[in-house]
Every structure is written in C-alpha cells, then in structure tokens.
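Novice: Sequence first, then the predicted structure, then my questions.
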Amino acid sequence: SEPLWATGVAVALLGAPVGPSDAVGGALILGGLACNQGLLDRLVPGLADELAEHTASPGGMSRRRDEAPPGPGVDGARERD
C-alpha cells in the first residue's frame with residue numbers, strides 16, 4: 001500500500017497529476033490487498049478451500065497436504081559423493 005500513500009501525498013502536496021494507468025495500478029494494489037485479506041473469497045466459492053489444501057514445499061513448489069514430501073534428488077539437485 002506504500003505506492004498508494006506516496007501517490008496521495010504527491011497529489012496533495014505537489015499537485016501531481018494522476019492518469020489512467022495510475023488508477024489501474026492503484027486498483028490492482030487494492031485488489032491484491034483485498035484478496036490477501038480474504039475479502040474476495042465469496043466471489044469465487046470453493047477457491048479458498050482449494051488454496052488451503054496446498055502448502056509450499058521446501059523446493060518452492062506447492063503440493064497437497066496429503067502428498068508425501070519429495071524424496072532426495074527430486075528437486076533437480078545433484079547428490080554429492
């Protein structure tokens with residue numbers, strides 16, 4: 001949300017113009033914040049449940065909670081002798 005505060009201060013104190021691309025960028029930031037807070041969960045039923053079933057694995061790839069963690073060498077790293 002820092003870019004929104006910076007834009008607001010620039011408009012208020014410096015009279016900086018705000019164009020359409022600034023408005024779209026601000027809307028994307030607000031949408032991301034709303035999504036992160038779960039405010040959009042009602043718009044897509046079942047999406048929150050589906051996302052909750054996945055967790056991040058140590059390799060950075062997501063996997064389901066009921067799946068076994070990847071074994072050695074699965075993430076593409078070479079085993080050292």
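Specialist: Structure received.

Novice: residues in contact with the longest helix that the chain contains?
Specialist: When the chain is scanned for its longest helix (criterion: DSSP state H), the result is helix 20-36. The contact list for helix 20-36, computed with C-beta atoms under 8 Å, 6 or more residues apart in numbering, reads S1, P3, L4, T7, L40. No exception for glycine: its C-beta is placed from N, CA and C like everyone else's.

Novice: now, the most widely separated pair of those?
Specialist: For these, with distances taken as C-beta to C-beta, the pair at the greatest spread is T7 and L40 (22.9 Å).

Novice: Of those two, give the one with the bigger neighbour count.
Specialist: T7 (17 against 14; other C-beta atoms under 10 Å).

Novice: Spell out the secondary structure type for V44.
Specialist: Secondary structure for V44, judged by DSSP: H, G, I helix; E, B strand; the rest coil, is coil.

Novice: typed the wrong thing, it's A16
Specialist: Recorded secondary structure, A16: coil (three-state DSSP).

Novice: That one: neighbouring residues, count only.
Specialist: A16 is flanked by 13 other residues according to other C-beta under 10 Å.

Novice: Give me the spatial nearest neighbour of it, chain neighbours excluded.
Specialist: If the residues on either side of it in the chain are set aside, A16 comes closest to A10, at 4.1 Å by C-beta to C-beta, 6 or more residues apart in numbering.

Novice: got the angle for whatever helix or strand V9 lives in vs helix 20-36?
Specialist: Per DSSP states H and E, V9 falls inside helix 2-9. Orientation check (axes from the mean of the first three to the mean of the last three C-alpha atoms, to 10 degrees): helix 2-9 against helix 20-36 gives 140 degrees.

Novice: Now helix 2-9: buried residues?
Specialist: By 16 or more other C-beta atoms under 10 Å, the buried positions in helix 2-9 come out as T7.
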